[in-house]
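Colleague: The following block contains a protein sequence and its predicted model.
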There are 2 protein chains.
Amino acid sequence: MFKKSIMALALGTAVVFSGAASAEEKIKIGVSYPTPTHAWAAGMNWHAEQAEKRLEELYPDVDLILVNSPDPAAQASALEDMVSVNQIDALVVLPFESDPLTDPVINVKESGALITVVDRGLSKEGIEDIYVAGNNPELGRVSAEYMKSRLKEGDNIVILRGIPTTIDNERFDAFMAEIEGSGINVLDHKHANWNRDDGFEVMQDFLSRFPDIDAVWAQDDDIAIGVVAALKQAGRDGDGMFVVGGAGMKETIKGIMDGNELQPIDVLYPPAMLATAMDVTVAAFKSNGPVAGRYILGATLIDKDNAEQFYFPDSPF
Amino acid sequence: MFKKSIMALALGTAVVFSGAASAEEKIKIGVSYPTPTHAWAAGMNWHAEQAEKRLEELYPDVDLILVNSPDPAAQASALEDMVSVNQIDALVVLPFESDPLTDPVINVKESGALITVVDRGLSKEGIEDIYVAGNNPELGRVSAEYMKSRLKEGDNIVILRGIPTTIDNERFDAFMAEIEGSGINVLDHKHANWNRDDGFEVMQDFLSRFPDIDAVWAQDDDIAIGVVAALKQAGRDGDGMFVVGGAGMKETIKGIMDGNELQPIDVLYPPAMLATAMDVTVAAFKSNGPVAGRYILGATLIDKDNAEQFYFPDSPF
């Protein structure tokens, strides 16, 4: 395979005056995802760009074409261009929404390209060759497992949920299933919509109603920022209570590395999953190992021992 | 990351007279699996060696240490050496058996190494960081789907099963669930133990009892060899019947490429899965993308269109 790269380079030199022929030697992989409009997505975009640089340096005959799109129609049109203009050999796609992108991805598949779908599924089964995604039930389960390791029977927690969606339900249901039978009381749960301001407001309400809270499951690092702000404003950040967020925001991870007792851990829902998807898609052309399949990334518990490997100080998230 | 490799090389040059220090710069990954005693395992061994060559060429600072062991005790002892002698940073292990290898792998984990488990699980949950495996239910489902695409209501099939195990049950149950309601008759199913001779005997019995068979699900390429031999001996290989095996044996794949109508497809249970596991384990040290999680490889249908990418003429399998 290393030999192949060298061969491609040699060919590239030989046909240096004929751009088209040289370009045809390249393995072209389109990477399509929504324009980042929130912090997690900005982190995803940054990690995709890092992976592009890394993989193109490693394999001179691989050309990764990154395109982000502001809405589903623009993404559909970007996919068309990837086939007609770029003539891609493979597509890595994080669909804006499932329904409007299903037929456009089918069209890319029909051009013969390998299809890798990331994070959210399409509306029809069996389109993608590779599926790479986070693990929402596991995020809930791992968070509850940590609560059980820190709390005892009779202790009280509150839960801030995300936007009412399947994702939120999967996380919440798995958390509740794991906590069941532990004797830990869930005082209340309310939606805070993966949003800092909502996190602040919901937590203010919880603090006014419940004088004795031992821990908060905020599910998400943005919500957790609002929760911590409410705790500080109420002067209840020093009474031993701790907050568990989720996602892997760099400020949260830095805090874990620095020994922040208010947010001692985080649970990963990796913004870098697009980089993993790019790795396995490139491996389809470079490895003797098979790549088709379902790769469900773990909801890794990030604590002081492993935080450094999830800390990317230059990432926006 | 590419910069890191160059740095490691530079350091290697600087400390060229101090072998130990130079070796310490290397990322050491142990790869432990059973000594190949049958064809599929020989293929696995070959693919692991290919991946070793490829990955060490690609990353000069990665050292893959391949050890195969003739029994569970020997494998446990090999794992001990990998920690005490080689001081590995990560382990890729295809356990001989689940029970006797569970504690030895826990010991490797406690040394701080990343753990990738391949193909069969350990007896306790949550030990491995990465799990890479084939998909047995999907192998059954994909095989049945193909039967449905070729056969019509009232057509007859026979099934040769593997060794009575969970693996065989998963494959068989998923096949039967998919075939249900199609009107295709399953005349009989009998265990042929993933073995050529048993495949021959069971198929002889089926041929003597059933004058009208339209297709055979042999589940496995070794069984299929026995089936085809029985068909030829009985002179019934030319009556339009077809045989579906499974695994991805190179002779079967070559036949598909050459248009063999008796075995027109195969369903992948990839002997190269150890190579995939090595790829994702190396990525833990080289990629910005997360790797922890469950990677369940697809049971890809291999037909004339894609057979070439699964054909490795130099592999023993």
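Modeller: That came through fine. Residues are numbered from 1 along each chain as shown, chains lettered A, B, ... in the order given.
Colleague: neighbours of the residue of the stretch 51-200 of chain A at minimum distance from chain B, just the number please.
Modeller: Closest approach between the stretch 51-200 of chain A and chain B, counting by Cβ to the nearest Cβ: A:E57, at 4.6 Å. Every C-beta, even on glycine, is put in place using the N, C-alpha and C of the backbone. A:E57 is flanked by 12 other residues according to other Cβ atoms under 10 Å in any protein chain shown.
Colleague: what do you get for A:T166?
Modeller: Neighbour number of A:T166 under other Cβ under 10 Å is 9.
Colleague: now swap in A:F312 and tell me
Modeller: 18.
Colleague: Next: A:K124.
Modeller: 12.
Colleague: That one contacts A:T102, doesn't it?
Modeller: Yes: with contact defined as Cβ atoms under 8 Å, A:K124 counts as touching A:T102 (5.6 Å).
Colleague: what's the spacing between A:I106 and B:P271?
Modeller: Separation of A:I106 from B:P271 (Cβ to Cβ, to the nearest Å): 31 Å.
Colleague: Of those two, which one has the most company?
Modeller: B:P271 (28 against 13).
Colleague: does that one really touch B:G43, like I thought?
Modeller: Yes: the criterion here is Cβ under 8 Å, and B:P271 meets it with B:G43 at 3.4 Å.
Colleague: Can you check which residues contact both of those two?
Modeller: Shared contacts of B:P271 and B:G43, defined by Cβ atoms under 8 Å, 6 or more residues apart in numbering or on different chains, comprise B:248, B:315, B:317.
Colleague: A:A41: what's its closest spatial neighbour, skipping adjacent residues?
Modeller: Using Cβ to Cβ, 6 or more residues apart in numbering or on different chains and skipping residues adjacent in sequence, the residue nearest A:A41 is A:P34, 6.5 Å away.
Colleague: OK, contacts around that neighbour?
Modeller: Here A:P34 is in contact with A:41, A:68-70, A:75, A:94, A:96 (Cβ under 8 Å, 6+ apart).
Colleague: now A:S123
Modeller: A:98-99, A:102.
Colleague: In TSV, list those residues along with secondary structure, distance to chain B and neighbour count.
Modeller: Shown next, in TSV, are those (DSSP: H, G, I helix; E, B strand; the rest coil; distance: Cβ to the nearest Cβ, whole Å; neighbours: other Cβ atoms under 10 Å in any protein chain shown):
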residue	secondary structure	distance to chain B	neighbour count
A:S98	helix	20	15
A:D99	helix	24	12
A:T102	helix	19	16
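Colleague: and those as a markdown table, adding pLDDT?
Modeller: A markdown table is the format used below for the contacts of A:S123 (pLDDT from 0 to 100):
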| residue | pLDDT |
| --- | --- |
| A:S98 | 91 |
| A:D99 | 93 |
| A:T102 | 96 |
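Colleague: hang on, A:P72 packs against A:T102?
Modeller: No: if you go by Cβ under 8 Å, A:P72 and A:T102 don't touch, sitting 10.5 Å apart.
Colleague: what sits in contact with each of these two?
Modeller: A:P95.
Colleague: Just the ones in strands from the contacts of A:P34, please.
Modeller: A:68-69 (DSSP state E).
Colleague: Which of the contacts of A:P34 has the largest number of neighbours?
Modeller: A:Q75 (26 neighbours).
Colleague: residues in contact with that residue?
Modeller: A:32, A:34, A:69, A:95-96, A:101, A:104.
Colleague: Pull the most distant pair out of the residues you listed.
Modeller: Using Cβ to Cβ, those span at most 13.9 Å, a distance reached by A:P34 and A:P104.
Colleague: which residue sits closest to A:I163, ignoring its sequence neighbours?
Modeller: Per Cβ to Cβ, 6+ apart, closest to A:I163 is A:N193, 4.8 Å.
Colleague: separation between the one you found and A:V267?
Modeller: With distances taken as Cβ to Cβ, A:N193 is found 18 Å from A:V267.
Colleague: Compare those two and say which is more crowded by neighbours.
Modeller: Per other Cβ under 10 Å, whichever of A:N193 and A:V267 has more neighbours is A:V267, with 27 against 20.
Colleague: Give me the pLDDT value at A:M7.
Modeller: Note on A:M7: pLDDT of 32.
Colleague: SS state for A:D305?
Modeller: With DSSP: H, G, I helix; E, B strand; the rest coil as the basis, A:D305 sits in coil.
Colleague: Just give me the neighbour total for it.
Modeller: 10.
Colleague: picking that back up, and the contacts of A:P34, which is closest to A:T281?
Modeller: Taking Cβ to Cβ as the measure, A:T281 sits nearest to A:L94 out of those, at 12.5 Å.
Colleague: pretty sure that closest one contacts A:Y33?
Modeller: Yes: counting by Cβ under 8 Å, A:Y33 is a contact partner of A:L94 at 4.1 Å.
Colleague: what residues are shared contacts of these two?
Modeller: Common neighbours of A:L94 and A:Y33 (Cβ under 8 Å, 6+ apart) are A:44, A:118, A:274.
Colleague: can you list these in TSV and add secondary structure, distance to chain B and neighbour count?
Modeller: Converted to TSV, these look like this (three-state DSSP; distance: Cβ to the nearest Cβ, whole Å; neighbours: other Cβ under 10 Å):
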residue	secondary structure	distance to chain B	neighbour count
A:M44	helix	11	27
A:V118	strand	11	27
A:L274	helix	8	31
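Colleague: Include distance to B:P137 and pLDDT when you put these into JSON lines, please.
Modeller: Below are the shared contacts of A:L94 and A:Y33 laid out as JSON lines (distance: Cβ to Cβ, whole Å; pLDDT from 0 to 100):
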{"residue": "A:M44", "distance to B:P137": "32", "pLDDT": "95"}
{"residue": "A:V118", "distance to B:P137": "24", "pLDDT": "96"}
{"residue": "A:L274", "distance to B:P137": "29", "pLDDT": "97"}
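Colleague: show me the contacts for A:D220.
Modeller: A:160, A:162, A:194, A:245-247.
Colleague: who touches stretch A:279-292?
Modeller: Contacts for stretch A:279-292 (Cβ under 8 Å, 6+ apart): A:1, A:27, A:29, A:51, A:55, A:59, A:62, A:64, A:89-90, A:92, A:114, A:116, A:129-130, A:132, A:295, B:47, B:50-51, B:54, B:268, B:270, B:272-280, B:283, B:287, B:289, B:297-298, B:300, B:310, B:312.
Colleague: Alpha carbons of that stretch, as PDB, please.
Modeller: C-alpha atoms of stretch A:279-292 as PDB (Å, rounded to 0.1, in the frame of the first residue of the first chain):
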ATOM      1  CA  ASP A 279     -10.000   7.300   9.000                       C
ATOM      2  CA  VAL A 280     -12.100   4.100   8.300                       C
ATOM      3  CA  THR A 281     -13.200   5.400   4.900                       C
ATOM      4  CA  VAL A 282      -9.600   6.000   3.900                       C
ATOM      5  CA  ALA A 283      -8.800   2.500   5.200                       C
ATOM      6  CA  ALA A 284     -11.200   1.100   2.700                       C
ATOM      7  CA  PHE A 285      -8.600   2.000   0.000                       C
ATOM      8  CA  LYS A 286      -5.500   1.400   2.000                       C
ATOM      9  CA  SER A 287      -6.000  -1.500   4.400                       C
ATOM     10  CA  ASN A 288      -6.300  -5.300   3.900                       C
ATOM     11  CA  GLY A 289      -8.800  -5.300   6.700                       C
ATOM     12  CA  PRO A 290     -12.500  -5.000   5.900                       C
ATOM     13  CA  VAL A 291     -14.200  -1.700   6.900                       C
ATOM     14  CA  ALA A 292     -17.900  -2.200   6.000                       C
END
